[in-house]
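Asker: heads up, no residue letters with this:
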């Protein structure tokens, strides 16, 4: 059986499998029912690894072991595999989330916090910087900065960006507002995002920045995070931002932005509760 490497690569990424697993799985799909020895020959996977691979695929819900001798394995319909994988992922995510939640009251977290706090004393403010790749990672980092804010949050984004930020950052912004943090959001407002902007205006001061195209955030006049690429031309996985702790530059940028902020049109919050 010949399967293109490109297709195998896509399967690995979609289903989070290794190369041997996708080779054995596709080999079994081509046969329907087969023994480990036959699958080893078809897939070109070493016989010594085939049983381990099949056991792994069975646990993940991709195949079923048939009773009897010799031991055979049965392929499942791809549609059924997708449903099984989804269910397994949900169960696994719940278990991992539960363990992480339990860590909040565990001594392990206290020890980790102590190690971090001890080490951070010796770090220069300018060393607290980094490049963040991937939009999901960028929003996770921005969410962390917002959760740690004490005074002000300034977010400048694009017309599409404000739509994404409502879903990704709204809970953190709501908490920040309750702490008394002043939250400001600027973005070009149009018919496609006006509803989102009015919803966000419930927890932040939102203004329309038509003609002002930028992507950056300033937290407490100290933390600065700016995006390097145009979000309309880049895939989310390849988006890049730079984060740096720099009160000097952050304050200067904030002061310059203040001039533009005063010219932007205020967006009123939605009346819906």
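Answerer: Done, it's in. It should be emphasised that the depicted structure is a prediction, and the values quoted were computed from it without experimental measurement.
Asker: list the helices and strands the strand or helix carrying residue 248 packs on?
Answerer: For residue 248, the element it lies in under DSSP states H and E is helix 247-261. On a contact count with 3 or more CB pairs under 8 Å, 6 or more residues apart in numbering; DSSP states H and E, helix 247-261 meets strand 152-156, strand 182-187, strand 216-219, strand 223-227. No exception for glycine: its C-beta is placed from N, CA and C like everyone else's.
Asker: go with 10 Å
Answerer: When contacts are defined as 3 or more CB pairs under 10 Å, 6 or more residues apart in numbering; DSSP states H and E, helix 247-261 packs onto strand 152-156, strand 182-187, strand 205-208, strand 216-219, strand 223-227.
Asker: closest to residue 37 out of those?
Answerer: Checking the helices and strands packed on helix 247-261 against residue 37 by CB to CB gives strand 223-227 as the closest, at 53.3 Å.
Asker: give me the buried positions along the closest one.
Answerer: Residues 223, 224, 225, 227 are the ones in strand 223-227 that count as buried (16 or more other CB atoms under 10 Å).
Asker: tell me the contacts of the second one?
Answerer: Residue 224 is in contact with 129, 145, 154, 216-218, 242-247, 249-254, counting by CB atoms under 10 Å, 6 or more residues apart in numbering.
Asker: one more time with 6 Å, if that's ok
Answerer: Contacts of residue 224 were listed using CB atoms under 6 Å, 6 or more residues apart in numbering, and they are 218, 244, 246, 250.
Asker: which residue is the nearest non-sequential neighbour of it?
Answerer: Among residues not flanking residue 224 along the chain, residue 250 sits closest, at 4.5 Å (CB to CB, 6 or more residues apart in numbering).
Asker: that neighbour is in contact with residue 220, isn't it?
Answerer: No - here residue 250 does not reach residue 220: they are 8.2 Å apart, not a contact under CB atoms under 6 Å.
Asker: which of those two has more neighbours?
Answerer: Of the pair residue 250 and residue 220, residue 250 is the one with more neighbours under other CB atoms under 10 Å, namely 22 against 16.
Asker: could you check how far the more buried one is from residue 264?
Answerer: Distance of residue 250 to residue 264, given as CB to CB, to the nearest Å: 20 Å.
Asker: next: residue 203.
Answerer: Counting by CB to CB, the gap from residue 203 to residue 264 is 18 Å.
Asker: thanks a lot, see you next time.
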